[in-house]
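Peer 1: fold the following, please.
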Amino acid sequence: QVQLVESGGELVQPGGSLRLSCAASGFTLGYYPIAWFRQAPGKEREGIACISNTGGTYYADSVKDRFTISRDNAKKSVYLQMNVVKPDDAAIYFCATIRPPIRPGECQLSPDSYAFWGQGTQVTVPS
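Peer 2: Residues are numbered from 1 along each chain as shown. Below you'll find the predicted structure:
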């Protein structure tokens with residue numbers, strides 16, 4: 001079955017960097033788009049970055065030019081490199097993928113488009 005497991009969340013100081021990982025199993029990662037979402041207490045889940053099955057990327061304005069999503073299909077993993085971290089970045093971070101059909105080269109940031117989710121990893125940024 002499809003399984004996504006996030007890791008790498010921890011406490012990071014403002015201005016620091018962090019890399020999150022999403023390990024995929026139960027499906028052929030290379031065929032699927034993957035997105036990163038985050039949810040802070042009392043806030044809605046926010047899509048922040050996605051990568052298509054052809055490697056195209058898309059970012060929310062809130063993280064553009066600071067965060068980078070990448071994938072290594074051979075390692076069955078997707079990564080989120082977080083730079084210049086801010087207190088507003090504190091949240092639980094989730095990776096997710098869709099249920100077929102898959103549109104080659106496309107990805108989007110709407111949570112409603114994603115069917116499979118990991119359990120999340122906590123990122124803490126003190127203010």
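Peer 1: assign the residue nearest the centre of the chain to helix, strand or coil.
Peer 2: Closest residue to the average C-alpha location of the chain: Trp36 at 1.9 Å, with Cα atoms, centre = their mean. Here Trp36 is recorded as strand under DSSP: H, G, I helix; E, B strand; the rest coil.
Peer 1: thought it was touching Ile92?
Peer 2: No. If you go by Cβ atoms under 8 Å, Trp36 and Ile92 don't touch, sitting 11.3 Å apart. Any C-beta I mention is one placed from the backbone N, CA and C, and that applies to glycine too.
Peer 1: quick one: Ala49 is in a strand?
Peer 2: Yes. Membership of Ala49 in a strand is supported by three-state DSSP.
Peer 1: against Asp112, how distant is it?
Peer 2: 17 Å (Cβ to Cβ, to the nearest Å).
Peer 1: Gln39 too?
Peer 2: From Gln39 to Asp112 the distance is 14 Å (Cβ to Cβ).
Peer 1: who's more crowded, the two?
Peer 2: Between Gln39 and Asp112, counting by other Cβ atoms under 10 Å, Gln39 is the more crowded of the two (15 against 7).
Peer 1: got the contact list for the more buried one?
Peer 2: Counting by Cβ atoms under 8 Å, 6 or more residues apart in numbering, Gln39 touches 45-46, 91-92, 94, 120.
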